[in-house]
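Participant: When you get a sec, could you give me coordinates for this:
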Amino acid sequence: MIPEIGLFSLILALLAALAQGILPLVGAATGWQAGLRVARPAAVGQFGLTTVAFCCLAWAFVDNDFSVLYVAANSHADLPAGYRFAAVWGGHEGSLLLWLYLLTAWTLAVAMCSRRLPLPFVGRVLAVMGWISVGFLLFLLFLSNPFERLMPPAMAGRDLNPLLQDPGMIVHPPMLYMGYVGFSVAFAFAIAALLSGELDAMWARWVRPWTLAAWTFLTVGILLGSAWAYYVLGWGGWWFWDPVENASFMPWLAGTALIHSLIVTERRGAFRSWTVLLAICAFSLSILGTFLVRSGVLTSVHAFAVDPGRGLYILGFMTLIVGGSLTLYAWRAPTVGLGGGFALLSRESLLLSNNVVLTVAAGSVLLGTLYPVVLDVLEWGKISIGPPYFEAVFVPLMTPAIFLMGVGPVARWKQAELPDLRRRLRAAFAVSVATAVLLPLAMPGPARLGSPMVILGLWLAAWSVASAAAHAWQRLTDGDGHWLRRLGRQPRAWYGMLLAHAGVGIFIAGVTLANGYEVKQELRLALGETREAGGYRFTFAGLGPAAGPNYSAQRAVFTVTRDGRPVTTLYPEKRLYTVQDMALSQADIDSGFTRDLFVALGEPVGDQAWTVRLQVKPFMTWIWSGCILMALGGLLAAGDKRYRRALEAQARMPAPVAAPTREGA
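Facilitator: Sure thing, here's the model as predicted:
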C-alpha cells in the first residue's frame, strides 16, 4: 500500500496547493484576513504531504518494489543501496517529484522566514508559489505518475543508467534543482510586487538573500555536473556546451545579473523595472531548462526522452508562466518608477552595463541552444551548434563583463570621476598586465590556443583578483580607525563579493591554463609499453579482471614517473554493466595543485593492447576551487545580518526603512 499512500498524498497536496494559490489572493484583494492566514498552514501542509510522497517513492526503491513501473524501469536488485536511493531522481517521473519536493521546501522556508513581512504581501508571494506547485502536481498526477503499478511485477528491474551510477549522482541533481527552484522565490516576490505596487528598496532587501541562496545552490550544482562529466564520461573535458549544460548555465547568468541589479535597487532605488524583469527571466529560464530536459526535443546524456504529450504540457505550462508574467509586467511596470538618477560614469551605470552584457550572453547561449531545435521542428534541416560557436560568441561578450566587474565596486554612487578610478585601479591593472605577460614564460610548451588568447585569459583572471584586492585595501584604509577595526565592521555581503570575484579570477585562470597547455594523446598501447606526455612517462604495467556489485571490468595499472622518480599509480577500468549490456570507461585521475594526470581505457585491439587516452591537464583544480569560492561568497552574502535587521525594522515601522548607509557589496 505504500505506493498508494504516496499517490494519495500527492492528491491531497494538490488540494492544499489550490487553497494556497486561491484564498490568499482573494484575501489580499478584498482584505479578507482569514483567506490570508490560510497561506502559511497550506504551505506547511503541502510540504508535509509531498514529503510523504517522496519518502514512499524512496522506500519503493530501497525495498526493491518492482511492482512500481518507475522502480522497475530505473533500478535493479543488485544495484547498491546508495544508487537505489539516487535512482529516485534518475528518471523522468522521480526527477519531477524531486523538483516539486524542493519547491515545497522553498515555499515552507518563505512561509517560516517571512513572519515580519506584511501579511498581504506574503499571501501574494505564497499564492504565486502555490500556483507553480499546482502546475507540477497536475503534471505528476495525470502525465507522469511515479507510483503507477506494473502487473505482473518485474523480477529484477532494468537497472539505472550506468552513466548515473556515480556518487556525484547522489548530490548533483538535488543541488542543481535547489538552484532552479530557488529562483521561484525571486519570481514570486516580483509578481507579488507587481500585483501590489510595493517595489522599493525594502523589497530588494527581502529578495536579495533568497536570490543569493538560489544562485549559490545553482553554482554548486553546475560545478558538480562539470566534475561528473570530467571524471565519468571518460573524454577528459569538463564542459562541452551540451544543450542540457546550457539549460543550467542560462539561469545562472540571469541570476548573476539579478543579484547585481538588486544591489542598485536596494542601495539607490534604481533599476526597479529591470530588476523585476530579471527575476522573471531567471525563473523562466529555469522552467525552460525543465522543458528542454524532459520534452524529448534534445539528445543528451542528461536528457530524458519522453512522449510528446508530456513535452506539450511543459511547453504550455512554460508559456503560461512566461506569457502571464510578462503581460503583468507590461501592464504594471510603467507605474513602478525609475528611482534615483545617476551620471554616465557611476557605479550604477557600470553595474547596468555589466547586467546588459550578462543578459546578452545568456541570450547568445539561448540562441545557440534553441536554433537547431527550431530548424528541426520546422523541417528546415538538421544542424549541430557546438563549442566553436559558443566560444566565438561568448568569450568576446564576457571580456567586458569581467573588466566591468573589477571597476564597478570601486566606482562611487551617483557620479564617479575618471582620474579617481584611474588612481584606485592603476596598481591592479599593472599587476594583471605583468601576470598575463610573465606567467606564460614560466609554463612549459607552447599554448595550444595561441598566446593572444592565453594572455587575454590570464589578464582577465589576474584583473579579477587584483581589482578585488585593490577594492579591499582602499575600503579598509580610507577613513578613520585602524584597518583591523574597519575589517571587523564590514558586512558579510562585502566579504562575499570579494570571495566571489576572486573565485571568478581563479576559475578563469584554471580554464585558460588547462585549455592552453593541456597535453592529450590517444594511442595504441600494449602491456609493458611506455609513452611520454607532458613531461611524464606512463607505463602500461598490468591488466586484470575486476568485479563490482553489478558489473565486471578489466582494470589496468599505469605507473607514472617523472625524471626517473615515481609520481603515482593509476587504475583505469573498462566496465561492462551486465543488465543493460553497456560498456563504460572509468577513468582514473591523479589531481594536484598544478596538474591532473588522466588515463582512460578505450577498446582492446588485440595482443594485450588497448586504445588509451593520456592527458596532462594543468591547473584543473583551480577550476573547481574558483567555483567553490564563488559559492562560498554567495553563501556568505546570503547570511548578511543586515537583511534580518531590515525585517525587524520593518516589523516596527509601517513605512519602508531607508537604504543602508554603509556601502555593501
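Participant: give me phi/psi at Pro153?
Facilitator: When quoted as degrees, to the nearest 10, the phi and psi of Pro153 stand at phi -60, psi 150.
Participant: Count the neighbours of it for me.
Facilitator: Other residues within reach of Pro153, judged by other Cβ atoms under 10 Å, total 15. Yep, even glycine has a C-beta here, placed from its N, CA and C like the rest.
Participant: My guess is it contacts Val71. True?
Facilitator: No: using Cβ atoms under 8 Å, Pro153 is not in contact with Val71; the gap is 9.4 Å.
Participant: in stretch 585-597, what's buried?
Facilitator: 585-590, 595-597 (16 or more other Cβ atoms under 10 Å).
Participant: Now do stretch 175-195, average pLDDT.
Facilitator: Taken as a whole, stretch 175-195 has a mean pLDDT of 95.
Participant: returning to what we had before: got any residues that touch both of Pro153 and Val71?
Facilitator: Here Pro153 and Val71 share the contacting residues Asp65, scored by Cβ atoms under 8 Å, 6 or more residues apart in numbering.
Participant: where are the low-confidence patches of the stretch 151-300 of the chain?
Facilitator: The model of the stretch 151-300 of the chain has pLDDT under 70 over residues 294-300.
Participant: so Pro549 sits in a strand?
Facilitator: No: according to DSSP: H, G, I helix; E, B strand; the rest coil, Pro549 belongs to no strand; its state is coil.
Participant: what's the spacing between it and Arg158?
Facilitator: Remark: distance between Pro549 and Arg158 (Cβ to Cβ, to the nearest Å) = 16 Å.
Participant: Which parts of the stretch 201-350 of the chain are strands?
Facilitator: Per DSSP state E, counting those that start in this stretch, the stretch 201-350 of the chain carries no strands over any range.
Participant: swap in the chain?
Facilitator: Applying DSSP state E to the chain gives strands spanning 519-526, 530-533, 536-547, 551-562, 565-570, 573-577, 582-586, 588-591, 595-606, 609-618.
Participant: ranking those strands by burial, who's on top?
Facilitator: strand 609-618 (a mean of 21; mean count of other Cβ atoms under 10 Å).
Participant: And it, what does it pack against?
Facilitator: Helices and strands touching strand 609-618, by 3 or more Cβ pairs under 8 Å, 6 or more residues apart in numbering; DSSP states H and E, are helix 492-517, strand 519-526, strand 530-533, strand 536-547, strand 595-606.
Participant: and these as a markdown table, adding mean pLDDT?
Facilitator: Formatted as a markdown table, these follow (pLDDT from 0 to 100):
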| stretch | mean pLDDT |
| --- | --- |
| helix 492-517 | 94 |
| strand 519-526 | 93 |
| strand 530-533 | 94 |
| strand 536-547 | 95 |
| strand 595-606 | 92 |
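Participant: Nearest to Gly368, out of the ones you listed?
Facilitator: Smallest distance to Gly368 across the helices and strands packed on strand 609-618 (Cβ to Cβ): 18.7 Å, for helix 492-517.
Participant: Give me the most central residue, this structure.
Facilitator: Geometric centre of the chain, nearest residue: Leu218, 2.6 Å, by Cα atoms, centre = their mean.
Participant: picking up where we left off before, any idea which of the helices and strands packed on strand 609-618 gets closest to Arg268?
Facilitator: For Arg268, the closest of the helices and strands packed on strand 609-618 is helix 492-517, at 15.5 Å, according to Cβ to Cβ.
Participant: Work out the gap between that closest one and the centre of the chain.
Facilitator: Relative to the centre of its chain, helix 492-517 is centred 16 Å away, using Cα atoms, centre = their mean, to the nearest Å.
Participant: same check, this time on stretch 536-552
Facilitator: The chain centroid and the centroid of stretch 536-552 are separated by 34 Å under Cα atoms, centre = their mean.
Participant: and if you look at stretch 570-581?
Facilitator: Relative to its chain's centre, stretch 570-581 lies at 30 Å (Cα atoms, centre = their mean).
Participant: Show me the contact partners of it.
Facilitator: Where contact means Cβ under 8 Å, 6+ apart, the residues beyond stretch 570-581 that reach it are 76, 78, 156-159, 161-162, 165, 546, 548, 550-558, 560, 582-590, 597, 599-603, 610.
Participant: Restrict it to CA atoms and write it as CSV.
Facilitator: Output of stretch 570-581 as CSV, limited to C-alpha atoms (Å, rounded to 0.1, in the frame of the first residue of the first chain):
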residue,chain,number,x,y,z
LEU,A,570,46.6,4.9,-11.8
TYR,A,571,43.9,2.2,-12.2
PRO,A,572,41.5,3.0,-15.1
GLU,A,573,38.8,0.4,-15.8
LYS,A,574,36.7,-0.7,-18.7
ARG,A,575,33.4,-1.8,-17.2
LEU,A,576,30.6,-3.9,-18.6
TYR,A,577,27.2,-3.4,-16.8
THR,A,578,25.6,-6.8,-17.4
VAL,A,579,21.9,-5.9,-17.0
GLN,A,580,21.9,-3.3,-19.8
ASP,A,581,25.0,-4.8,-21.6
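Participant: Averaged pLDDT, it. What do you get?
Facilitator: 93.
Participant: again, but for stretch 315-323
Facilitator: Over the span of stretch 315-323, the pLDDT mean works out to 90.
Participant: Only the buried residues of stretch 125-143, if you could.
Facilitator: Judged by neighbour count (16+ other Cβ under 10 Å), stretch 125-143 contains these buried residues: 125-137, 139-140, 143.
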